[in-house]
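[1] Return a 3D structure for these sequence lines:
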Amino acid sequence: MTQHAIAFSAPHAQAAEIGLDVLREGGSAVDAMIAAAAAITVLYPHMNSLAGDGFWLIHKPGEAPRAIDACGCAAELASIDWYGDKGLQQIPSRGALATVTMGGTLAGWQKARAIAAESSAQFSLSRLLAPAIALASQGIKVTHSLAAASRKVQVELAEQAEYQRVFMPNGRPLIEGEMLTNHDLATTLTWLVNHGLESAYSGEFAEYIATQIEQLGSPLRLSDLQNYRAQEVKPLSVQTRFGQCFNLPAPTQGVASLLILAIYDRLFKPEWDEAARAHGLIEATKLAFIVRDREVADPRRLSERWDDLLNDEHIDQLAAVINERALPWPQIAEPGDTVWMGCVDNTGTMVSFIQSIYWEFGSGVVIPGTGLVWNNRGVGFSLERNHRNALAPGYKPFHTLNPAFALLNDGRRISYGTMGGEGQPQTQAALLSRYLYDARSLDEAISRGRWLLGRTWGDNNHDLKMEQDLVDLLGNNLRARDHAIKAVPARSEIMGHAGAVVSFGDGSAIAASDPRSDGAGIASVMTERA
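    All right, here's what the predicted structure looks like:
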């Protein structure tokens with residue numbers, strides 16, 4: 001008898017269970033992730049949608065990690081002049097004019113299924129989407145997070161008629177604990193089962209989407225849907241004392257996530273107390289964000305410095321800047337709403353996955369009759385012609401999304417990540433450093449008090465926010481190092497919803513999810529006849 005450990009982590013417990021059920025049935029990590037990803041678009045509609053973006057890291061034992069970029073590019077009509085003719089100097093954050101970019105999520109699922117099919121049989125879409133269809137048609141229980149987001153956008157989305165119909169069915173914000181159905185989304189998912197994921201980009205359904213979104217005033221057209229493809233890309237990586245860490249390339253902020261870890265690895269001393277460790281990570285974050293804001297853009301706009309950003313010389317130069325005093329801050333930061341999930345299947349294949357519509361409920365535009373919430377990732381573009389992220393047809397905006405993965409020297413593999421916009425690289429670094437450098441348990445690495453430099457989901461301030469329990473422990477020491485700290489309640493949702501799955505060299509696995517979310521990290525052992 002050979003035992004294989006399986007595990008799943010998601011910010012909503014039902015999504016984790018749905019993913020784990022697929023794994024228990026012998027499905028692949030990609031199968032399980034698609035089932036959970038579909039379900040969580042129903043369970044957490046304020047954070048993700050089939051009309052959002054996605055990124056994947058997939059690792060099969062003994063092979064190099066593979067990455068998928070499924071973020072949408074700007075419509076062919078979307079240009080600085082197109083918005084200028086409307087008297088706009090910046091892209092609106094809500095409404096039809098915010099629907100600038102394609103939704104790449106479903107194309108990413110397609111690409112992931114193609115990669116999985118190289119080595120394993122696939123479950124049918126009917127099996128994978130059935131739980132999401134049932135949730136959408138039978139109803140979900142509104143979580144605290146969803147209710148809070150509903151209240152927050154009440155005024156901002158008051159003019160979005162389809163949003164009001166679908167997500168405020170009683171003419172008021174959602175209330176925690178009540179039931180919410182989305183029959184239109186159930187119909188859309190059923191259509192995908194019957195006609196394939198590609199039908200969202202070509203054919204009758206795509207024509208309907210294009211017609212509806214054009215009538216609402218978006219620059220997106222049918223040709224944008226038809227021409228869109230998710231791309232397999234080469235992941236970025238950096239070496240630390242514990243092993244190799246991987247993340248997504250531009251246009252994501254994956255380079256910043258890796259720079260924080262690499263700089264910290266250069267600086268770290270085992271004799272540091274917890275305040276010194278937090279100081280090191282915070283200062284590494286500042287330098288990584290300065291590099292990110294200068295360099296990250298559509299891959300066609302990267303500077304000649306790009307290939308050297310993660311080399312030893314550059315990392316050493318950045319590490320040398322850090323001392324006992326805090327660098328002045330703030331810099332400009334980005335908000336965002338996101339779902340991260342990770343899993344490992346019975347072959348040892350691991351997935352680190354993230355999907356998002358950017359802000360709560362994205363653009364607020366819901367395509368009539370479909371239940372699809374369109375993303376507002378286009379607000380990452382600038383309408384200044386000389387800006388690194390200037391809007392241009394077919395280009396991709398700066399992305400906060402960046403799922404993470406690590407191959408450790410001792411045989412462990414870690415799929416990890418978080419939601420939280422600006423907070424994603426910081427939380428990734430806190431999670432991994434606590435688990436590896438501090439030798440804390442995975443649960444404690446995620447649940448322990450955190451900090452956040454800059455803006456994040458639900459907050460637009462650029463200060464250094466720190467949860468009160470950690471302020472009580474480290475606040476005086478960090479203030480003595482010139483850190484200006486703003487205390488926030490312990491286990492605050494603005495710190496993001498983190499999670500991780502660890503697969504050990506002996507085939508066992510563990511998973512953990514953030515107590516700041518409604519999630520679960522679940523591990524199980526499968527038994528197969530040899």
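[2] Find the centremost residue of the chain, please.
    Centroid-nearest residue in the chain, with C-alpha atoms, centre = their mean: I354, separated by 3.7 Å.
[3] which residues of the stretch 401-530 of the chain fall in strands?
    Ranges of strands in the stretch 401-530 of the chain, per DSSP state E, counting those that start in this stretch, are 404-408, 413-418, 451-453, 464-467, 485-488, 498-503, 509-513, 520-528.
[4] tell me the contacts of V42?
    Applying C-beta atoms under 8 Å, 6 or more residues apart in numbering to V42 gives the contacts A132, L135, A136, I140, N182, L185. C-betas here are computed from N, CA, C, even on glycine.
[5] Mind pulling up the pLDDT for the fifth one?
    Put plainly, it is N182. Looking at N182, its pLDDT stands at 98.
[6] next one: L57
    pLDDT, L57: 98.
[7] Quick check on it: phi, psi?
    phi -120, psi 120 (degrees, to the nearest 10).
[8] how near is it to A35?
    Remark: distance between L57 and A35 (C-beta to C-beta, to the nearest Å) = 18 Å.
[9] Tabulate the contacts of V42 in JSON lines, adding columns for distance to A520.
    JSON lines is the format used below for the contacts of V42 (distance: C-beta to C-beta, whole Å):
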{"residue": "A132", "distance to A520": "17"}
{"residue": "L135", "distance to A520": "16"}
{"residue": "A136", "distance to A520": "21"}
{"residue": "I140", "distance to A520": "16"}
{"residue": "N182", "distance to A520": "22"}
{"residue": "L185", "distance to A520": "23"}
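[10] Could you pick out which of these are located in helices?
    Members of the contacts of V42 lying in helices (criterion: DSSP state H): A132, L135, A136, L185.
[11] Hmm, the last one is touching T41, no?
    I take that to be L185. Yes. Under the criterion of C-beta atoms under 8 Å, L185 makes contact with T41 at 7.4 Å.
[12] Mutual contacts of the two, please.
    Common neighbours of L185 and T41 (criterion: C-beta under 8 Å, 6+ apart): L50.
[13] between the two, who's got more neighbours?
    Just comparing L185 and T41: by other C-beta atoms under 10 Å the higher neighbour count belongs to T41, 30 against 26.
[14] quick one: secondary structure of that one?
    T41 falls in the helix class when you classify it by DSSP: H, G, I helix; E, B strand; the rest coil.
[15] what residues are up against it?
    If a contact means C-beta under 8 Å, 6+ apart, then T41 has N48, S49, L50, A132, L185, Q355 as its contacts.
[16] Which other helices and strands does the top helix by length along the chain contact?
    Once the chain is assigned using DSSP H, the helix that runs over the most residues is helix 274-295. If contacts are counted by 3 or more C-beta pairs under 8 Å, 6 or more residues apart in numbering; DSSP states H and E, helix 274-295 sits against helix 254-267, helix 312-321, helix 423-436, strand 451-453, helix 468-480.
[17] burial count for A320?
    Applying other C-beta under 10 Å, I find that A320 has 11 neighbouring residues.
[18] Just the local confidence number for it, please.
    pLDDT at A320 comes out at 97.
[19] Please apply the same query to the one 5 residues further on.
    According to the predicted model, the pLDDT of R325 comes to 94.
[20] Check the gap between the closest residue to it other than its chain neighbours and S517 for me.
    Spatial nearest neighbour of R325, excluding adjacent residues (C-beta to C-beta, 6 or more residues apart in numbering): D482 at 5.1 Å. For D482, the distance to S517 equals 33 Å [C-beta to C-beta].
[21] do L258 as well
    24 Å.
[22] Could you list the low-pLDDT ranges of the stretch 1-150 of the chain?
    Applying pLDDT under 70 to the stretch 1-150 of the chain flags residues 1-3.
[23] can you map out the helices along it?
    Ranges of helices within the stretch 1-150 of the chain are 13-24, 29-43, 80-84, 105-117, 125-138, 144-152, based on DSSP state H, counting those that start in this stretch.
[24] Quick one, which of the ones you listed gets closest to V344.
    helix 29-43 (6.3 Å; C-beta to C-beta).
[25] Give me the distance between the closest one and the centre of its chain.
    Centre-to-centre, helix 29-43 and its host chain are 14 Å apart (C-alpha atoms, centre = their mean, to the nearest Å).
[26] Now name the helix or strand holding the residue nearest to the centre of the chain.
    Using DSSP states H and E, I354 sits in strand 350-358.
[27] so which helix or strand takes in the spatially closest residue to L125 that is not a sequence neighbour?
    Nearest residue to L125, sequence neighbours excluded (C-beta to C-beta, 6+ apart): V193, at 4.9 Å. If you go by DSSP H and E, V193 is part of helix 183-195.
[28] Can you give me the buried ones in that helix?
    D184, L185, A186, T187, T188, L189, T190, W191, L192, V193 (16 or more other C-beta atoms under 10 Å).
[29] Next SSE downstream of that helix?
    helix 204-216.
[30] And the pLDDT at T338?
    T338 is assigned 77 on the pLDDT scale.
[31] Would you agree it is in contact with G420?
    Yes. Contact criterion C-beta under 8 Å: T338 and G420 qualify, at 6.8 Å.
[32] Buried residues of stretch 236-249, list them for me.
    Judged by neighbour count (16+ other C-beta under 10 Å), stretch 236-249 contains these buried residues: L236, S237, V238, Q239, T240, F242, G243, C245, F246, N247, L248, P249.
[33] Farthest pair within those residues?
    Farthest pair in those, by C-beta to C-beta: F242 and P249, 22.1 Å.
[34] where in the stretch 301-450 of the chain is pLDDT low?
    Those would be 330-337, if you go by pLDDT under 70 across the stretch 301-450 of the chain.
[35] number of nearby residues for the residue nearest to R325?
    When neighbours are defined as other C-beta under 10 Å, D482 has 12 of them.
[36] thinking again about what came up before, name the helices or strands packed onto the helix holding V193?
    helix 29-43, helix 125-138.
[37] pLDDT at L189, what is it?
    pLDDT, read off for L189, is 98.
[38] Check the one 5 residues further on too.
    You'll see N194 listed with a pLDDT of 98.
[39] Kindly report the same for G458.
    On the pLDDT scale, G458 gets 47.
[40] Only the buried residues of stretch 487-506, if you could.
    Those would be 488, 490-503, for stretch 487-506 by 16+ other C-beta under 10 Å.
[41] Kindly check the end-to-end length of it for me.
    One end of stretch 487-506 sits 42 Å from the other (C-alpha to C-alpha, to the nearest Å).
[42] How about stretch 48-63?
    End to end - C-alpha to C-alpha - stretch 48-63 spans 30 Å.
[43] Relative to the whole chain's centre, how far out is it?
    10 Å.
[44] Pull out the buried residues from it.
    Judged by neighbour count (16+ other C-beta under 10 Å), stretch 48-63 contains these buried residues: 48-60.
[45] Next, format the residues you listed as CSV and append distance to Y264.
    Converted to CSV, these look like this (distance: C-beta to C-beta, whole Å):
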residue, distance to Y264
N48, 30
S49, 34
L50, 37
A51, 37
G52, 31
D53, 28
G54, 28
F55, 23
W56, 26
L57, 21
I58, 26
H59, 23
K60, 29
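[46] Surely L220 forms part of a helix?
    No. Using three-state DSSP, the assignment for L220 is coil, not a helix.
[47] hang on, isn't it packed against M102?
    Yes. Here L220 reaches M102: they are 7.0 Å apart, a contact under C-beta under 8 Å.
[48] and for these two, which residues touch both?
    Shared contacts of L220 and M102, defined by C-beta under 8 Å, 6+ apart, comprise A75.
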